[in-house]
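Asks: My questions concern the predicted model and sequence given below.
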Amino acid sequence: MAALSSISSSIVASRPRSLPCSRLCPTNFRAHFHKRNYFDKGLGTRRLVVSNVAAPDITSTEQAKKEKAKESQRPVYPFAAIVGQDEMKLCLLLNVIDPKIGGVMIMGDRGTGKSTTVRSLVDLLPDIQVVVGDPFNSDPVDPESMGPEVRAQVLNGKELPVTTTKITMVDLPLGATEDRVCGTIDIEKALTEGVKAFEPGLLAKANRGILYVDEVNLLDDHLVDVLLDSAASGWNTVEREGISISHPARFILIGSGNPEEGELRPQLLDRFGMHAQVGTVRDAELRVKIVEERARFDKDPKGFRESYDEEQEKLQEQISSARANLPAVQIDHDLRVKISKVCAELNVDGLRGDIVTNRAAKALASLKGREKVTVEDIATVIPNCLRHRLRKDPLESIDSGLLVVEKFYEVFS
């Protein structure tokens with residue numbers, strides 16, 4: 001796919017600076033809250049003490065400690081240094097530009113750089129505004145992305161201290177327990193203070209961020225059910241040990257796996273907005289380049305990362321520009337009709353395929369610096385948006401992505 005090679009044509013001159021810490025007065029939203037009745041969900045009459053705060057502190061000392069800790073972390077392979085795998089990289093970038101696409105499912109052979117590519121995305125994630133001290137990464141403006149404590153403060157007319165932080169990426173290990181994923185009662189506070197306190201889990205930490213599941217096709221069924229519920233509603237509800245609480249859990253779901261190790265449940269597969277297939281590189285020269293780059297990184301991780309700083313900054317600027325330009329991108333009605341016709345003739349269940357294809361095409365146009373979607377944009381993204389939504393035919397030998405391409409050219413010709 002040549003689309004990714006041309007995405008660095010329009011680069012903004014300077015990097016965006018983090019916004020200073022500010023205070024946001026929520027009085028303008030109180031009438032909106034009462035009108036929409038957001039406070040009926042999960043608060044009840046009991047005030048819950050929330051521990052395990054994930055939001056960053058705003059003091060300069062804590063910021064310095066955070067930067068120092070970041071430097072001591074395990075170095076991440078730069079996204080710009082990854083050779084090949086353009087389809088996978090494009091799908092990831094489009095989801096960062098428009099999180100409402102719904103995530104990516106990456107399936108491919110062992111040792112093809114799936115996990116490395118996903119984790120390298122961390123350096124490119126943009127900044128977002130969060131409420132200080134809130135473990136749910138609450139949005140100070142959007143009521144749908146606020147935790148229960150923040151919503152209660154807004155209802156009482158309190159000011160919210162706000163800061164900026166990078167979008168977080170949370171790893172969901174295969175051996176995680178349901179309590180760790182959903183959240184549970186804080187045993188320490190229960191024993192020492194005698195109060196029922198809720199300790200948020202990984203879904204709370206992943207709110208407004210990315211939840212990555214490696215080897216997702218090996219995930220236990222009960223955790224798959226939890227992910228299905230949260231991905232469908234955007235909320236995580238916990239009912240246990242006398243605690244009843246609901247909190248926002250809106251995240252980009254990214255999964256990777258090897259199809260030889262087992263199939264994914266159709267219900268979960270449909271929750272992924274896009275599907276990328278990764279194959280082993282066959283070109284000998286390209287394989288040598290990959291080996292040499294990896295050897296350079298293993299020998300001197302810091303120096304290797306510094307050699308790609310300029311390219312990484314260009315990608316960051318392009319992503320920021322694309323996110324800002326996305327609301328202005330338009331797609332013609334005729335193109336929308338043809339997209340839906342492709343989905344209908346392929347017997348795609350539901351309307352998620354139509355919605356995701358429209359969103360992905362607009363995100364790609366924005367990434368290329370345009371305000372109008374073209375047929376080429378749709379041709380680039382439609383196989384990734386529909387191939388995993390087709391009904392499986394055990395007697396069909398042709399790849400589902402090729403079926404989508406054939407139907408696309410038949411309709412758009």
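Replies: Cool, got the structure. Numbers count the residues shown, from 1 in each chain.
Asks: And for residue 188, the neighbour number?
Replies: Burial measure for residue 188: 11 neighbouring residues, criterion other Cβ atoms under 10 Å. From N, CA and C alone the C-beta is placed, and that goes for glycine too.
Asks: what about it, which helix or strand?
Replies: Counting by DSSP states H and E, the element that carries residue 188 is helix 187-192.
Asks: What is the following helix or strand past that helix packed up against?
Replies: Moving toward the C-terminus from helix 187-192, the next helix or strand (DSSP H and E) is strand 197-200. If contacts are counted by 3 or more Cβ pairs under 8 Å, 6 or more residues apart in numbering; DSSP states H and E, strand 197-200 sits against strand 49-50, strand 183-185, strand 243-248.
Asks: Just the mean pLDDT for the shortest one, thanks.
Replies: To tie it back to what came earlier, the one meant is strand 49-50. Strand 49-50 comes out with an average pLDDT of 45.
Asks: again with the longest one
Replies: Taken as a whole, strand 243-248 carries a mean pLDDT of 81.
Asks: Show me what that strand is packed up against.
Replies: Secondary-structure packing of strand 243-248 (3+ Cβ pairs under 8 Å, 6+ apart): helix 148-155, strand 183-185, strand 197-200, strand 235-240.
Asks: Show the residue spans covered by the helices in the stretch 201-350 of the chain.
Replies: With helices called from DSSP state H, counting those that start in this stretch, the stretch 201-350 of the chain shows them at 202-205, 221-233, 266-269, 284-299, 301-307, 309-325, 333-345.
Asks: Quick one: list the elements packing against the longest one.
Replies: This means helix 309-325. Here helix 309-325 touches helix 86-97, helix 352-367, going by 3+ Cβ pairs under 8 Å, 6+ apart.
Asks: repeat for the second one
Replies: Helix 221-233 sits against helix 178-182, strand 235-240, helix 266-269, with contacts defined as 3+ Cβ pairs under 8 Å, 6+ apart.
Asks: Report the contact partners of the closest residue to residue 167 other than its chain neighbours.
Replies: Leaving out its chain neighbours, the residue that sits closest to residue 167 by Cβ to Cβ, 6 or more residues apart in numbering is residue 125, at 4.1 Å. Residue 125 makes contacts with 96, 166-169, 210, as judged by Cβ atoms under 8 Å, 6 or more residues apart in numbering.
Asks: What pLDDT does the model give the residue most central in space within the chain?
Replies: The centre of the chain sits closest to residue 252, judged by Cα atoms, centre = their mean, with a distance of 2.6 Å. Note for residue 252: predicted pLDDT of 87.
Asks: wait, what's in contact with it?
Replies: By Cβ under 8 Å, 6+ apart, residue 252 lies in contact with 95-96, 99, 101-103, 209-211.
Asks: nearest to residue 141, of those?
Replies: Using Cβ to Cβ, residue 99 comes nearest to residue 141 of the contacts of residue 252, at 15.8 Å.
Asks: ok, how many other residues are close to that closest one?
Replies: Using other Cβ under 10 Å, residue 99 has 20 other residues around it.
Asks: Would you mind confirming that residue 146 makes contact with residue 139?
Replies: Yes: shown here, residue 146 and residue 139 form a contact pair, counting by Cβ atoms under 8 Å, at 6.3 Å.
Asks: Overlap of the contact sets of these two?
Replies: Common neighbours of residue 146 and residue 139 (criterion: Cβ under 8 Å, 6+ apart): residue 131.
Asks: Looking at these two, which is more packed in?
Replies: Applying other Cβ under 10 Å to residue 146 and residue 139 shows that residue 146 carries more neighbours, namely 28 against 22.
Asks: Quick check: chain neighbours aside, which residue is closest to the more buried one?
Replies: Nearest residue to residue 146 in three dimensions, chain neighbours excluded: residue 138, at 4.5 Å (Cβ to Cβ, 6+ apart).
Asks: and if you look at residue 75?
Replies: In space, and not counting its chain neighbours, residue 75 is closest to residue 301: 3.8 Å by Cβ to Cβ, 6+ apart.
Asks: picking that back up, please identify the buried residues of the helix holding residue 188?
Replies: Under the neighbour-count criterion of 16 or more other Cβ atoms under 10 Å, helix 187-192 has residue 189 buried.
Asks: What is it packed up against?
Replies: Secondary elements touching helix 187-192 (3+ Cβ pairs under 8 Å, 6+ apart): none.
Asks: how near is the closest residue to residue 258 other than its chain neighbours to residue 310?
Replies: Spatially, and ignoring its direct neighbours in sequence, residue 258 is nearest to residue 110 (5.7 Å; Cβ to Cβ, 6+ apart). Residue 110 sits 32 Å away from residue 310, going by Cβ to Cβ, to the nearest Å.
Asks: Same check on residue 78?
Replies: Taking Cβ to Cβ, one finds residue 78 at 11 Å from residue 310.
Asks: Name the residue in these two with the higher neighbour count.
Replies: More neighbours surround residue 78 than the other of residue 78 and residue 310, with 22 against 10 (other Cβ under 10 Å).
Asks: Do I have it right that the more buried one meets residue 304?
Replies: Yes: the criterion here is Cβ under 8 Å, and residue 78 meets it with residue 304 at 7.4 Å.
Asks: among the helices and strands packed on strand 197-200, which is nearest residue 334?
Replies: Nearest of the helices and strands packed on strand 197-200 to residue 334, taken as Cβ to Cβ: strand 243-248 at 36.9 Å.
Asks: picking that back up, can I get the helices and strands packed on helix 221-233 in TSV with mean neighbour count and mean pLDDT?
Replies: Shown next, in TSV, are the helices and strands packed on helix 221-233 (neighbours: other Cβ atoms under 10 Å; pLDDT from 0 to 100):
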stretch	mean neighbour count	mean pLDDT
helix 178-182	18	86
strand 235-240	18	82
helix 266-269	16	78
